[in-house]
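Q: got a predicted structure plus its sequence, pasted below:
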Amino acid sequence: MNSSLPTIALGTDHAGYAHKQAVAQHLKDAGYAITDFGTDTNTACDYPDFVRPAAAAVASGAARFAIVFGGSGNGEAIVANKVPGVRCGLCWNTWTAEMTRLHNDANALSIGARTVDIPTTLEIVDVFLKTPFEGGRHLKRVEKIEASPKNK
């Protein structure tokens with residue numbers, strides 16, 4: 001593990017299990033530390049049980065980023081965005097991953113396993129993790145997002 005690389009929290013339901021496993025191995029091979037919140041099977045389960053703890057790891061500072069998966073990625077992004085301090089972008093290609101980091105300073109990434117294949121998922125993850133926040137005119141927008149009340 002490369003100690004200069006951030007810790008990444010992972011969470012998924014059954015639909016994203018294969019994607020999570022592939023991303024976990026990809027990140028480990030690159031030297032990232034991983035905290036895997038599950039699920040550990042492709043047996044049907046409820047995504048909030050695994051996505052919320054991954055997002056909470058970001059909010060607490062235990063992880064720098066969370067990557068979450070599900071069938072479409074929509075519900076997972078909604079759950080992650082309910083955690084104060086988390087800005088989760090639903091991405092389906094490298095451009096959306098780059099923009100959610102550049103313009104939104106996203107600290108969580110959601111990917112739909114039924115809409116994005118594993119090779120593309122790995123590319124999305126790499127772009128997301130390597131893209132810095134652009135700041136500038138986007139900073140005031142991120143500050144406004146953070147000032148918005150969160151539903152509990």
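A: Structure received.
Q: centre of the chain to whatever helix or strand residue 128 lives in, how far?
A: Element membership of residue 128, judged by DSSP states H and E, is helix 118-130. Distance, stretch centre to chain centre, for helix 118-130: 11 Å (C-alpha atoms, centre = their mean, to the nearest Å).
Q: got the buried residues for the helix or strand of the chain with the lowest mean pLDDT?
A: Lowest on mean pLDDT, DSSP states H and E among the helices and strands of the chain sits helix 137-147, with a mean of 87. Neighbour counts using 16 or more other C-beta atoms under 10 Å place residue 142 of helix 137-147 among the buried residues. For the C-beta atoms, the positions are set from N, CA and C on the backbone; glycine is no exception.
Q: and the contacts of it?
A: Contacts with helix 137-147, where a contact means C-beta atoms under 8 Å, 6 or more residues apart in numbering, come from 85, 87, 102-105, 133.
Q: one step back: packing partners of the helix holding residue 128?
A: Under the contact criterion of 3 or more C-beta pairs under 8 Å, 6 or more residues apart in numbering; DSSP states H and E, helix 118-130 touches helix 17-30, strand 65-70, helix 94-102, strand 108-112.
Q: and the next helix or strand past the second one?
A: I take that to be strand 65-70. That would be, after strand 65-70 and using DSSP H and E, helix 74-81.
Q: packing partners for that next one?
A: Packing partners of helix 74-81 (3+ C-beta pairs under 8 Å, 6+ apart): helix 48-60, strand 65-70, strand 88-90, strand 108-112.
Q: nothing else from me, thank you.
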